[in-house]
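Enquirer: Could you look at this predicted model? Sequence included:
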Protein chains: 2
Amino acid sequence: MFQFIKKDKNSKARLGIVRTDHGTIESPFFMPVGTNATVKSLSFEDLLEFDAQIVLSNTYHLYLRPGLEVIEHAGGLHKFMSWDRPVLTDSGGYQIFSLTKFRKLDDNGVEFRSHLDGSTCYLTPEDVIKIEHVLGADMIMPLDECAPYPCQRKEAEESVARTTHWARRSREYFLRNPLKTHRQFLFGIVQGATFKDLREQSAEEILAIGFDGYAIGGVSVGEPVQEMFKTLDWVMPLLPPDQPRYFMGIGLPDQIVKAVGEGIDMFDTCIPTRYGRHGTAFTKKGKVVLRNAEYKKDLAPIDESCACFVCRKYTRSYLRHLANLKEVLGLKLISYHNVYFYVSLMRQIRQAIQEDRYAEFQNEFLKTYGSTL
Amino acid sequence: MFQFIKKDKNSKARLGIVRTDHGTIESPFFMPVGTNATVKSLSFEDLLEFDAQIVLSNTYHLYLRPGLEVIEHAGGLHKFMSWDRPVLTDSGGYQIFSLTKFRKLDDNGVEFRSHLDGSTCYLTPEDVIKIEHVLGADMIMPLDECAPYPCQRKEAEESVARTTHWARRSREYFLRNPLKTHRQFLFGIVQGATFKDLREQSAEEILAIGFDGYAIGGVSVGEPVQEMFKTLDWVMPLLPPDQPRYFMGIGLPDQIVKAVGEGIDMFDTCIPTRYGRHGTAFTKKGKVVLRNAEYKKDLAPIDESCACFVCRKYTRSYLRHLANLKEVLGLKLISYHNVYFYVSLMRQIRQAIQEDRYAEFQNEFLKTYGSTL
């Protein structure tokens, strides 16, 4: 599934290729988030226009709406949403812990109330794999328990134990029930909150079970960014070099650049579309809060150096007008620019690794961006 | 400005060309409504994709937001919104009467409170032309008084008198102050509510002043559709054949088809985008309310016979899912289909007139659509 191509000479950044039955993906890569089978404000035509390689979608949301039978009837998620490139689905573990008001865990699974209509659902690790079989994503995540921040050691210990137990059951079910239409790859998720020994223990247990790739979960849940990067220091040395590494839910552009320098291959975040919907654009020089009064008559594009069609055609003045009136076109154009920014940042990252100048690229990027990382 | 090409042999439908400095428009035509300098949910790229010839925008809204100085700084509305094809701006008369809670009229103008922030504004007919000079649309409308439905005869008489008085002042100011950058055309608006003699009086007075084209206003304000078409019976015979005729704010597809058969050349309505945002699509066979449960697993497109990219790519099942979650992509895709439907309906209308089979086309369309008109 994963072909390691090369490591950058002066950093831990790495270049690779992920091969799926829906196409190959060059790593490191970013997955635009399509929670409800749509990347918010964008069309799939937009994503193809700037050559997004893959999208991520949410098992939890799709299970509730439109419901499995609708997606099964369409022939799976790819066909349902008319996207024939690779897809990754998360397990819903994170959403159950962050979106549902009521949940009750036991070793067998999790009971929760839908954030949409309050109805009660119960899912086992096997149920989640079954659901992800129906969705038919190329890469899938098992049910895990994501501990909050801050959390007590005992809570973190329990979440590691349960995550390992569920990971084993998921893997076993997955191996016994392969999908017939195309290959799926199952990732393991490392938990352990902000405790070094628990992170190491979780990594060892998950590695012992054996997965197609490894994810670091339970990050970006409110902890200081230094804590988030400590997790990488602890876990990365334990992960095998010939399998992909996924830093779940990360992050801001400078965080991605830094994490690539630590050897991460895969990222997902709703930041570019969420910020876009709130009128904030990303550039190499940092954020541009387009709703600010200073842009009222600014006839420059969001970013002079950006090649996206929004920057070639529309002014900050016009985008600010649309954003202030919450006009859909404004949210779409700024989201488009932002996702384009992320996708092309990853392209520049791969180019820099290819040319063995990633350390230099990282320093230069963080400096220009005004990052404190 | 208007070149009359031909009349259909068996109906009053007519073919023409409107020439502006931003391009020519084949009539009869439909103007997608871009209230806030954006056709809701769509991009200008979308409009070019299906060759929309012109858009309409709203003086009232643009005057309040982003404000004239912003659009003047950008070099006019075309440049502000990056659309180099023709534009028509309405005067704000209708919006002042339908959107503002407080307004006070005198012969000199109208005082009203902004629906956005409650601030008080006062506009004379000359002010409105000045504003439309700054916006720089190719076709512009003068300030008029739009009587409500129902209204007393006295109220309608006053609105006719004031509309004529304001029309004369608008025309005089317009002639004395031509725009330097490109040609603008000023339309006259016929009022008179649902009173035959007042409609005739208004038409005669407006024609006596003399305008580049003539609009029938004060329609689609809540009156029964039969009343709306009676207005056409009364006014159309009075209008000169060599100038364009605009039925303001009309309408549903079958209303447009019928009005073309009465000799109307120009239409605008926010129906395709408004219905699109609420999950309803237009087809030759009538409306498809995509949010209905019957479409849950429907893998057909909105309309099998439609050539738009939405119908070539997306299923009713997927569109229903997006519409039910109010996902922006759903609103956009359905709006796209609807505006495409309107624009291509006008293309079919012109083709039918060209081939002298409009009466037949109209009968066939109304029958298939299930219209009671």
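Expert: Here it is on my side, so go on. Numbering: from 1, shown residues only, chains lettered A, B, ... in the order given.
Enquirer: and the longest helix along chain A with helix B:328-354, angle?
Expert: Ranked by number of residues, the top helix in chain A under DSSP state H is helix A:328-354. Calculated by axes from the mean of the first three to the mean of the last three C-alpha atoms, to 10 degrees, helix A:328-354 forms an angle of 120 degrees with helix B:328-354.
Enquirer: Whether helix A:328-354 contacts chain B - can you check?
Expert: Yes: with C-beta under 8 Å from any C-beta of the partner chain as the measure, helix A:328-354 is seen reaching chain B through A:328-333. Yep, even glycine has a C-beta here, placed from its N, CA and C like the rest.
Enquirer: Any residues of the stretch 251-373 of chain A in contact with chain B? List them.
Expert: Selection of the stretch 251-373 of chain A residues close to chain B by C-beta under 8 Å from any C-beta yields A:296-297, A:299, A:309, A:313-315, A:317-318, A:320-322, A:324-325, A:327-333.
Enquirer: can you do 10 Å?
Expert: A:273, A:277, A:296-299, A:309-310, A:312-315, A:317-318, A:320-322, A:324-333, A:335-336 (C-beta under 10 Å from any C-beta of the partner chain).
Enquirer: Spell out for me which residue occupies the centre of chain A.
Expert: Centroid-nearest residue in chain A, with C-alpha atoms, centre = their mean: A:Asp268, separated by 1.8 Å.
Enquirer: residue contacts, it?
Expert: A:29-34, A:54-56, A:88, A:90, A:215, A:246-251 (C-beta atoms under 10 Å, 6 or more residues apart in numbering or on different chains).
Enquirer: could you redo the last one with a cut-off of 6 Å?
Expert: Listed by C-beta atoms under 6 Å, 6 or more residues apart in numbering or on different chains, the contact partners of A:Asp268 are A:31, A:33, A:56.
Enquirer: Can you read off the pLDDT for A:Ser91?
Expert: Listed pLDDT for A:Ser91 reads 94.
Enquirer: A:Lys258 too?
Expert: Looking at A:Lys258, its pLDDT is 98.
Enquirer: In the stretch 151-300 of chain A, what residue spans correspond to helices?
Expert: Ranges of helices in the stretch 151-300 of chain A, per DSSP state H, counting those that start in this stretch, are A:153-176, A:196-209, A:225-235, A:253-261, A:271-277.
Enquirer: ok so, going back, ok, what's across the strand from the residue nearest to the centre of chain A?
Expert: Counting by DSSP bridges, A:Asp268 is bridged to A:Met31.
Enquirer: quick one: it from A:Thr283, how far?
Expert: In this view, A:Asp268 and A:Thr283 are 21 Å apart by C-beta to C-beta, to the nearest Å.
Enquirer: swap in A:Ser371?
Expert: The gap separating A:Ser371 from A:Thr283 is 13 Å, by C-beta to C-beta.
Enquirer: Same drill for these two, tell me which one is more crowded.
Expert: More neighbours surround A:Thr283 than the other of A:Ser371 and A:Thr283, with 20 against 16 (other C-beta atoms under 10 Å in any protein chain shown).
Enquirer: From what I see, A:Ile25 and A:Asp51 are in contact.
Expert: No: with contact taken as C-beta atoms under 6 Å, A:Ile25 and A:Asp51 are classed as non-touching, separated by 11.0 Å.
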